[in-house]
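A.B. asks: next one to model:
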Amino acid sequence: MTIKEALNQGYQQLEKNRIETSYLDASVLLSHVLNCSREKLIANFTDEIHDDCRDDFQKLIQRRIQGIPVSYLRQKKEFYSLEFFVDNRVLVPRPDTEILVDLAFKLIDEKGFSSVHDLCTGSGCIPISLKKNRPNLDISASDISPQALEVFEINCRKILGQDIPHFQSDFTQKLKGKFHMITANPPYLSQADVDNMAEKHWPEPFLALLGGIRGDEMTLSLIHLVKEHLAPGGYFLCESDPRLMESLLAEMRKAGYTGVDVAADLAGRGRVVYGRLGL
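C.D. replies: Numbers count the residues shown, from 1 in each chain. Next comes the predicted model:
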């Protein structure tokens, strides 16, 4: 069997099972098995594929049909041009979260900020991306899940070659001190959203998805909790669902933040709400 034949077979199986990105998924998984880029894969379409590789590819295709994300199957996901280790202990980093990182860099550079804490850190994609690009930043992180922090530690050592200070905490419960910036990507899906995902056997941890009955309850609480840990003039940046932006904007203004605004995602929808403590 040639590479092209194996790829077409995998693609057709995924297509038959209504996997939306069938060809992309099949090509990424086959590239993973053959340890080559997708470009090299296509350039060598006529090469024969070994039986062991074909069997490994088929096993991945069957797991993809079962609903396992490609990132979990490969145990890696690119975020901010960095390769993060991921598995079912953490959410898969999304491109939309890069909007928060871009905004953080902009404010850090403009304001001369030097201290950042990341809440609900998961894989660590936010603080690790910040630290990798601004090594002198004083960065720490926390998450309620000890399992997520295990993945965080792997990524710190893999990408940075060192640990970032971190601890297990329910939001700000164990957070001490004040920071120029606090970032967060907390759970923000509604109970109805999560129930629907559960029916479809969604593989990502529901602890990192469910934000309450409406989806905004945890973030509304967080808006007030972080104020105690922001230095005067410090910023709070929080990713959320575009459908929740109006309620979050109103709550931030009510809580006394200034310069409250929203950063849009790649589709032009409000994705990150942010504001400043004080004038």
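A.B. asks: who does the longest strand seen in the chain pair up with?
C.D. replies: The residue-count maximum for a strand in the chain (DSSP state E) belongs to strand 230-239. Take DSSP bridges as the rule and strand 230-239 pairs in its sheet with strand 179-184 (parallel), strand 270-277 (antiparallel).
A.B. asks: ok, which of these comes nearest Arg214?
C.D. replies: strand 270-277 (15.5 Å; C-beta to C-beta). All C-beta spots, glycine's among them, are computed from the backbone N, C-alpha and C.
A.B. asks: quick check: mean pLDDT of the closest one?
C.D. replies: Averaging pLDDT along strand 270-277 yields 96.
A.B. asks: kindly report the same for stretch 233-245.
C.D. replies: 95.
A.B. asks: cool, and stretch 41-53?
C.D. replies: Mean pLDDT, stretch 41-53: 90.
A.B. asks: just checking the distance from it to the centre of its chain.
C.D. replies: With C-alpha atoms, centre = their mean, to the nearest Å as the basis, stretch 41-53 stands 32 Å off its chain's centre.
A.B. asks: re the thing from before, most tightly surrounded among the strands paired with strand 230-239?
C.D. replies: Among the strands paired with strand 230-239, strand 179-184 has the highest mean neighbour count (mean count of other C-beta atoms under 10 Å), at a mean of 25.
A.B. asks: the helix or strand of the chain with the lowest mean pLDDT packs against which elements?
C.D. replies: Scoring the helices and strands of the chain by mean pLDDT, DSSP states H and E places strand 210-212 at the bottom, with a mean of 86. Applying 3 or more C-beta pairs under 8 Å, 6 or more residues apart in numbering; DSSP states H and E, we find strand 210-212 packed against strand 189-190, helix 191-199, helix 217-225.
A.B. asks: tell me the buried residues in it?
C.D. replies: Buried residues in strand 210-212, counting neighbours by 16 or more other C-beta atoms under 10 Å, are found at 210-212.
A.B. asks: what residues sit buried inside the longest strand of the chain?
C.D. replies: Judged by neighbour count using 16+ other C-beta under 10 Å, the buried positions of strand 230-239 are 230-231, 234-239.
A.B. asks: now the angle from it to helix 217-225?
C.D. replies: With axes from the mean of the first three to the mean of the last three C-alpha atoms, to 10 degrees as the basis, strand 230-239 and helix 217-225 are set at 160 degrees to each other.
A.B. asks: let's see strand 230-239 as CSV, backbone CA atoms only.
C.D. replies: The C-alpha coordinates for strand 230-239 follow below in CSV (Å, rounded to 0.1, in the frame of the first residue of the first chain):
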residue,chain,number,x,y,z
LEU,A,230,-4.1,43.5,41.4
ALA,A,231,-1.6,46.3,42.0
PRO,A,232,-2.9,49.8,41.4
GLY,A,233,-3.2,50.3,37.7
GLY,A,234,-3.0,46.5,37.1
TYR,A,235,-5.1,44.7,34.4
PHE,A,236,-7.3,41.7,34.5
LEU,A,237,-7.6,39.8,31.2
CYS,A,238,-10.2,37.1,30.8
GLU,A,239,-11.2,34.9,27.9
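A.B. asks: how far away from the center of its chain is that strand?
C.D. replies: 20 Å.
A.B. asks: go on, stretch 183-198?
C.D. replies: Distance, stretch centre to chain centre, for stretch 183-198: 13 Å (C-alpha atoms, centre = their mean).
A.B. asks: just the CA trace of it, in CSV.
C.D. replies: Taking C-alpha atoms only, stretch 183-198 is exported to CSV below (Å, rounded to 0.1, in the frame of the first residue of the first chain):
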residue,chain,number,x,y,z
THR,A,183,-4.9,36.5,33.1
ALA,A,184,-7.5,33.7,33.1
ASN,A,185,-9.2,31.3,30.7
PRO,A,186,-11.8,30.0,33.2
PRO,A,187,-14.6,27.5,32.5
TYR,A,188,-17.4,29.4,30.6
LEU,A,189,-19.8,27.0,29.0
SER,A,190,-23.4,26.7,30.2
GLN,A,191,-24.9,23.6,31.8
ALA,A,192,-26.9,23.0,28.6
ASP,A,193,-23.7,23.2,26.5
VAL,A,194,-21.8,20.7,28.7
ASP,A,195,-24.8,18.3,28.9
ASN,A,196,-24.9,18.2,25.1
MET,A,197,-21.2,17.6,25.0
ALA,A,198,-21.5,14.8,27.5
